[in-house]
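Colleague: could you work out the structure for the sequence below:
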Amino acid sequence: MKEEIKNLKKIELHLHLDGSISIPLASKLSGLSEKEVKDKIEAPAKCLNLKDYLKRFDFPIRLLKSRENLKIVAEDLAKRLAADNIIYAEVRFAPLLLSNENLSYEDIIDCVLEGVRKVSKIKIKLILCLMRGASYEENLKTIKVAYKYLTNGVGGIDLAGDERTYELNEYKELFKIATDLNIPFTIHAGEVMERDIKLAIDLGAKRIGHGVKSINDKKLIELIKSNNILLEICPTSNIQTNAFNKYHNHPVYTLYKEGVNMLINTDNMAVSKVNLSEEYQKLLTTFPFTISDFKKMNINALNYTFLSSKEKLELLEELMK
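Modeller: Numbering: from 1, shown residues only. Coordinates of the predicted model:
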């Protein structure tokens with residue numbers, strides 16, 4: 001079964017660059033031992049909450065604040081994704097968190113694109129994250145640079161960060177601007193509470209990062225279904241952030257049987273210590289999923305990718321081989 005999962009052609013739509021740096025590479029770039037790096041990056045099986053989980057990003061973010069490191073990390077990630085038979089991925093990060101006086105938003109995007117484009121076996125688009133807690137001006141800057149690169153490697157934008165502390169309502173105007181500029185977007189919502197899910201849909205998001213707390217509200221589930229929303233579900237990450245107490249209590253299978261559109265993702269390959277094949281394997285051994293279910297998810301998810309119609313068709317042919 002593991003070999004069948006590995007051979008399955010897959011799509012990954014919810015993947016953070018900084019949270020997915022490989023431990024050996026982080027060790028090499030930092031000069032620290034792999035054990036020291038693991039202690040800084042890998043989250044325990046159970047964090048206190050999402051905020052506790054997010055502390056693991058501090059170290060990789062510091063590592064990524066150089067042109068050379070950005071290129072190396074991006075290329076390495078693309079190679080690891082391709083090795084896991086992922087044919088298309090959307091990789092997200094917040095330029096705001098990686099920039100400094102020597103590294104502009106454009107520099108960051110150029111370096112990441114240069115890195116991922118060295119790997120021909122996988123197609124990758126970037127998603128630029130606005131940040132909860134950042135100023136209006138800082139997030140607007142990310143929208144403007146996303147628009148600048150929209151036909152050159154960037155697929156869209158996202159809103160990430162501490163969902164409990166900062167309500168989506170504070171960022172409504174920014175998503176209206178993105179809509180006016182025809183910038184596609186996904187929004188982190190419903191990871192720790194169901195509060196922001198309806199607003200994310202009202203703002204025009206066709207994809208929601210996580211969205212798993214919709215399980216607490218039947219009306220929300222119906223709203224997600226009636227609006228053809230895709231949930232980007234990351235089970236291992238959700239257990240680590242304490243969204244659910246145990247893996248077998250995760251609502252992924254219940255939501256799937258309810259008819260919710262979804263795709264399985266890793267969220268952060270390093271922080272959560274999982275690749276996509278391993279996540280699929282965990283789901284297969286915990287719930288009554290089949291390989292056929294995963295195939296259907298991947299084919300359906302093509303409709304929600306930040307790709308052109310032509311690119312979607314090309315990928316569909318690849319998935320169907």
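Colleague: so where do the strands sit in the chain?
Modeller: Taking DSSP state E as the criterion, the chain contains strands spanning 10-16, 86-93, 123-131, 154-160, 186-189, 207-210, 230-233, 261-264.
Colleague: which intervals of this structure have sub-threshold pLDDT?
Modeller: Using pLDDT under 70 as the threshold, the predicted model of the chain has no low-confidence range.
Colleague: wait, which of the strands of the chain is closest to S277?
Modeller: For S277, the closest of the strands of the chain is strand 10-16, at 7.8 Å, according to Cβ to Cβ. C-beta here means a position set from N, CA and C on the backbone, and glycine is covered the same way.
Colleague: can you give me the angle that closest one makes with strand 86-93?
Modeller: 10 degrees (axes from the mean of the first three to the mean of the last three Cα atoms, to 10 degrees).
Colleague: list the contacts of strand 10-16.
Modeller: By Cβ atoms under 8 Å, 6 or more residues apart in numbering, the surrounding residues in contact with strand 10-16 are 57, 81, 84-93, 160, 186, 207, 209-210, 232, 234, 263, 265-269, 276-277, 280, 294, 298, 301-302, 304-305, 315, 319.
Colleague: same check on stretch 276-293?
Modeller: Contacts to stretch 276-293, defined as Cβ under 8 Å, 6+ apart, come from residues 1-2, 4-6, 8, 10, 12, 81, 84-86, 234-236, 247-248, 250, 252-253, 256, 264-266, 274, 294.
Colleague: generate a ChimeraX selection restricted to the buried subset of those.
Modeller: This is the ChimeraX syntax for the buried subset of the contacts of stretch 276-293, where burial follows 16 or more other Cβ atoms under 10 Å:
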select :5,6,8,10,12,81,84,85,86,234,235,236,247,250,252,253,256,264,265,266,274,294
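Colleague: turn the strands of the chain into a markdown table, including distance to L199.
Modeller: What follows is these, written out as a markdown table (distance: least, Cβ to Cβ, whole Å):
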| stretch | distance to L199 |
| --- | --- |
| strand 10-16 | 19 |
| strand 86-93 | 20 |
| strand 123-131 | 15 |
| strand 154-160 | 11 |
| strand 186-189 | 8 |
| strand 207-210 | 11 |
| strand 230-233 | 16 |
| strand 261-264 | 19 |
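Colleague: restricted to buried residues, select the contacts of strand 10-16 in PyMOL.
Modeller: The command below creates a PyMOL selection of those among the contacts of strand 10-16 that count as buried (16+ other Cβ under 10 Å):
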select buried, resi 57+81+84+85+86+87+88+89+90+91+92+93+160+186+207+209+210+232+234+263+265+266+267+268+269+276+277+280+294+298+301+302+304+305+315+319
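Colleague: helices of the stretch 51-200 of the chain, residue ranges please.
Modeller: Using DSSP state H, counting those that start in this stretch, the helices assigned to the stretch 51-200 of the chain run over residues 58-63, 67-83, 95-98, 105-116, 136-148, 172-180, 197-202.
Colleague: just list the residues touching C47, thanks.
Modeller: Applying Cβ under 8 Å, 6+ apart to C47 gives the contacts Y53, Q240, T241, N242.
Colleague: quick check: the last one touching L48?
Modeller: The reference is to N242. Yes: at 6.7 Å, N242 counts as touching L48 under the criterion of Cβ atoms under 8 Å.
Colleague: and the spatially closest residue to M193 that is not a sequence neighbour, how close does it get to A189?
Modeller: Distances taken as Cβ to Cβ, 6 or more residues apart in numbering place K213 nearest to M193, at 5.5 Å, with adjacent residues excluded. K213 sits 9 Å away from A189, taking Cβ to Cβ, to the nearest Å as the criterion.
Colleague: these two touch, right, N139 and Y171?
Modeller: Yes: under the contact definition of Cβ under 8 Å, N139 touches Y171, with a separation of 6.9 Å.
Colleague: overlap in contacts, those two.
Modeller: When Cβ under 8 Å, 6+ apart defines a contact, the residues bordering N139 and Y171 alike are L130.
Colleague: and those two? Which one has more around it.
Modeller: Here N139 and Y171 are set side by side on neighbour count (other Cβ atoms under 10 Å), and the busier one is N139, at 26 against 22.
Colleague: which residues touch H210?
Modeller: Applying Cβ under 8 Å, 6+ apart, the residues contacting H210 are H14, H188, A189, G190, E191, L231, E232, I233, C234, N238, A243.
Colleague: ok, the residues you listed vs R132, which is closest?
Modeller: Lowest distance from R132 to those (Cβ to Cβ) belongs to H188, with 8.1 Å.
Colleague: and for K9, the neighbour number?
Modeller: Counted with other Cβ under 10 Å, the neighbours of K9 add up to 16.
Colleague: one step back: check the gap between the residue nearest to M193 and L220 for me.
Modeller: 8 Å.
Colleague: quick check: neighbours shared by the two?
Modeller: G190, E194, I197.
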